[in-house]
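Asks: have a look; sequence and predicted model below, questions after that.
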Amino acid sequence: MKKAGVAILGLGVVGGGTYQILTEKREFFKKTQGVDVTVECVLEKNVERAKQLGVEEAKIASSIEEVVVNPNVDIVVEVIGGTGVARTFVMKALMSGKTVVTSNKELFAKHWSELESAAKKMNVGLFFEASCVGGVPIIRTLQEGMQANKILSIKGIINGTTNYILTKMADEGWSYEEALKEAQRLGYAEFNPTADVEGFDATYKLSILSSLAFNKKICIENVYREGITGIDKEDIAYGKELGYTLKLLGIGKDTENGVEVRVHPTFVKNDNPLASVNDSFNAVHLVGDAVGEIMLYGRGAGALPTGSAIVSDVIFAAKHDEYFYAGFKNNITGNKETKFAKDFSSKYYIRLSVKDTAGVLSKISGMFSKHNVSISEVKQVSMGDGSAQIIIITHVCAESLVKKTLAKLDTLAEVFSVKGMVRIED
Ligand code: HSE
């Protein structure tokens, strides 16, 4: 039977879950996978935490050097996070001839080429299933399950914290601040929630996923990013009345005009399968030219879900002696040869606060028509104080035209302000 020794760097939530699965299911993996995987050592500053998890004292390493010279270690699992020590430790492990499994999306999104070059040079594996969408096996699906397809689009709810916040704002009518506070209390959002709520976490994941989907290295700088901090619960409520649900989507499309990659709050129709992905759940919807639509759904974070993805990489690595590398043609040169769309098209939801007097609506619609933006639906709500809220849904049109229209509307005396603009994805 094939044997593999594992070292776990970091015994936080995910490291603890990984340790638990690997140790509790050793016999199960022997039977079902034909591999004997053992945890040979851990690197964790908090020795008490390691002991509480049941790690023998002799297996608690005190430095990365101790880990990489250990001949019993074949696979190093990095679950520290960030790009500081994690990057140094991963490079040391690779350059010492160890296969690496990581859940670190930021490290991967920022330093993929460097890591892959080291892995190739040393002829070792580099696995990152847990870096995107936690327990949902999206990386292996893209690498091993979709080879027959040119992937046309990838759309996903790839951040659980923001999905929890938006779900509570929609279902309970909470403000953004109230929902964030509860997300922090439940441990979804961190004390400093910026990475999640401003869309950085989703950007890292979309950069990785769209690179695999379109077989081109898509850097994080190529991803348009907007978070959810500017979202007003009024827009969620008006959207709901019009049949839409608000989600923070990661969207990648490979179109004739070039590649589009963007993370932003998006309305989806209530009957879109992504609309019913609630709370902290994640989902990814793919369209392949052969298979058509597929969707994967599950938990994008947490000890056992993310541990599940890590262990699947560990077992894959233990069973294989030859490794596959993404090897994008534009890996080293960046993506100078990749054509990115300069503009993109969408439907739009727009909310204006206006003076509630005769002729205002026609002035506003005239401005849309002047910029060649076609309106498909209008709703007006009188506020009883001399103002009205006008909600406009457009047909599909170029974003640049919508932005020009909104800039001009803002200059009209009858328009108090543009309150909200949300892209709609069918
Ligand atoms: N913080 C992430 C989320 C999980 O809320 O989805 C890890 O990427």
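Replies: Perfect, thanks for sending it.

Asks: enumerate every residue touching Ser312.
Replies: 129, 137, 140 (C-beta atoms under 8 Å, 6 or more residues apart in numbering). (Glycine included, C-beta is placed from N, CA and C.)

Asks: checking my notes, it in a strand, right?
Replies: No - counting by DSSP: H, G, I helix; E, B strand; the rest coil, Ser312 falls outside a strand, being helix.

Asks: which of the contacts of Ser312 are buried?
Replies: 129, 137 (16 or more other C-beta atoms under 10 Å).

Asks: now, the contacts of Ser312 that are in strands?
Replies: Using DSSP state E, no member of the contacts of Ser312 falls within strands.

Asks: dump the contacts of Ser312 into CSV; add pLDDT and distance to Lys92 as well.
Replies: Formatted as CSV, the contacts of Ser312 follow (pLDDT from 0 to 100; distance: C-beta to C-beta, whole Å):
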residue, pLDDT, distance to Lys92
Glu129, 97, 22
Pro137, 98, 28
Arg140, 96, 26
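
Asks: return the closest of the contacts of Ser312 with respect to Lys59.
Replies: Using C-beta to C-beta, Glu129 comes nearest to Lys59 of the contacts of Ser312, at 24.7 Å.

Asks: could I get the contacts of Ser312 as CSV with distance to Ala58?
Replies: Listed next are these as CSV, based on distance: C-beta to C-beta, whole Å:
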residue, distance to Ala58
Glu129, 30
Pro137, 34
Arg140, 34
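
Asks: ok, so of the contacts of Ser312, who is nearest the ligand?
Replies: Distance to the ligand, by C-beta to the nearest ligand atom, is smallest for Glu129 among those, at 12.8 Å.

Asks: just checking, the closest one touches Ala309?
Replies: Yes - taking C-beta atoms under 8 Å as the definition, Glu129 is a contact partner of Ala309 at 4.4 Å.

Asks: intersection of neighbour lists for the two?
Replies: Jointly contacting Glu129 and Ala309 under the rule C-beta under 8 Å, 6+ apart are Pro137.

Asks: sorry, back to before: in helices, which of the contacts of Ser312 appear?
Replies: Arg140 (DSSP state H).

Asks: what is the nearest of the contacts of Ser312 to Asn104?
Replies: Glu129 (11.9 Å).

Asks: got the contact list for that closest one?
Replies: Counting by C-beta under 8 Å, 6+ apart, Glu129 touches 101, 137-140, 309-310, 312-313.

Asks: now do Val381
Replies: So Val381 contacts 388-389, 391 (C-beta under 8 Å, 6+ apart).

Asks: for Lys379, give the beta-bridge partners.
Replies: Going by DSSP bridges, Lys379 is paired in beta bridges with Ile391.

Asks: quick check, it in contact with Tyr238.
Replies: Yes - counting by C-beta under 8 Å, Lys379 touches Tyr238, with 7.4 Å between them.

Asks: ok, back up a step: quick one: the contacts of Ser312 as CSV, columns for distance to the ligand too.
Replies: Below are the contacts of Ser312 laid out as CSV (distance: C-beta to the nearest ligand atom, whole Å):
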residue, distance to the ligand
Glu129, 13
Pro137, 15
Arg140, 17
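
Asks: near the ligand, which residues of the stretch 251-400 of the chain show up?
Replies: 300-301 (C-beta under 6 Å from any ligand atom).

Asks: for the ligand, what's the nearest residue on the stretch 251-400 of the chain?
Replies: Ala301 (3.7 Å).

Asks: for Lys347, what are its contacts?
Replies: With C-beta under 8 Å, 6+ apart, Lys347 has these contacts: 376, 393-397, 423-424, 426.

Asks: separation between it and Phe416?
Replies: 24 Å (C-beta to C-beta, to the nearest Å).

Asks: now do Arg185
Replies: Here the criterion is C-beta to C-beta. By it, Arg185 lies 36 Å from Phe416.

Asks: more neighbours: these two, which one.
Replies: More neighbours surround Phe416 than the other of Arg185 and Phe416, with 14 against 9 (other C-beta atoms under 10 Å).

Asks: what helix or strand is that one located in?
Replies: Secondary structure assigned from DSSP states H and E places Phe416 in strand 415-425.

Asks: give me the mean pLDDT for that strand.
Replies: Across strand 415-425, pLDDT averages out at 97.

Asks: only alpha carbons, please: show that strand as PDB.
Replies: Provided in PDB are the C-alpha atoms of strand 415-425 (Å, rounded to 0.1, in the frame of the first residue of the first chain):
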ATOM      1  CA  VAL A 415     -32.600  64.900  -9.700                       C
ATOM      2  CA  PHE A 416     -31.500  65.100  -6.000                       C
ATOM      3  CA  SER A 417     -29.200  62.100  -6.300                       C
ATOM      4  CA  VAL A 418     -28.400  58.800  -7.800                       C
ATOM      5  CA  LYS A 419     -29.100  56.500  -4.900                       C
ATOM      6  CA  GLY A 420     -28.200  53.100  -6.300                       C
ATOM      7  CA  MET A 421     -26.900  51.300  -9.400                       C
ATOM      8  CA  VAL A 422     -26.700  47.500  -9.500                       C
ATOM      9  CA  ARG A 423     -25.800  45.300 -12.400                       C
ATOM     10  CA  ILE A 424     -28.300  42.600 -13.200                       C
ATOM     11  CA  GLU A 425     -27.100  39.200 -14.400                       C
END
